[in-house]
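*Asks:* okay, sequence plus prediction incoming.
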Amino acid sequence: GLGGRLVEHICGLVPGRILVGTWAAAEWAIRFYQRHGFVLQPSTATPALLRAYWTIPDRQVATSVVLARLPFEEGEQR
């Protein structure tokens, strides 16, 4: 649909990695991004990613996930 086309358009404009944060309970959103090439990042990396790129309260950090298009390679600096 329109949302998928918008995500694909944005991804076509950005040459590097794209991160998306969403609520862990929003399974529909996670599935949507996964259908568009995003990979769920390990829960061990989530707090650091969220704090590096977003300004959100600790409660939100604890209940969120991060997905990446062009996922991080094992051992790569985040």
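*Replies:* Now that the structure is in, tell me what you want to look at.
*Asks:* what helix or strand is the nearest residue to His36 once chain neighbours are set aside located in?
*Replies:* Spatial nearest neighbour of His36, chain neighbours left out: Val7 (4.9 Å); criterion: CB to CB, 6 or more residues apart in numbering. Using the backbone N, CA and C atoms, a C-beta is placed for each residue, glycine as well. For Val7, the host element (DSSP states H and E) is helix 2-13.
*Asks:* in that helix, what counts as buried?
*Replies:* Using 16 or more other CB atoms under 10 Å as the test for burial, helix 2-13 gives Val7.
*Asks:* and it, how far out from the chain middle?
*Replies:* The chain centroid and the centroid of helix 2-13 are separated by 15 Å under CA atoms, centre = their mean, to the nearest Å.
*Asks:* swap in stretch 51-68?
*Replies:* 10 Å.
*Asks:* just to revisit the earlier point, residues in contact with the helix holding Val7: which ones?
*Replies:* Ile18, Phe32, Tyr33, Arg35, His36, Gly37, Arg69 (CB atoms under 8 Å, 6 or more residues apart in numbering).
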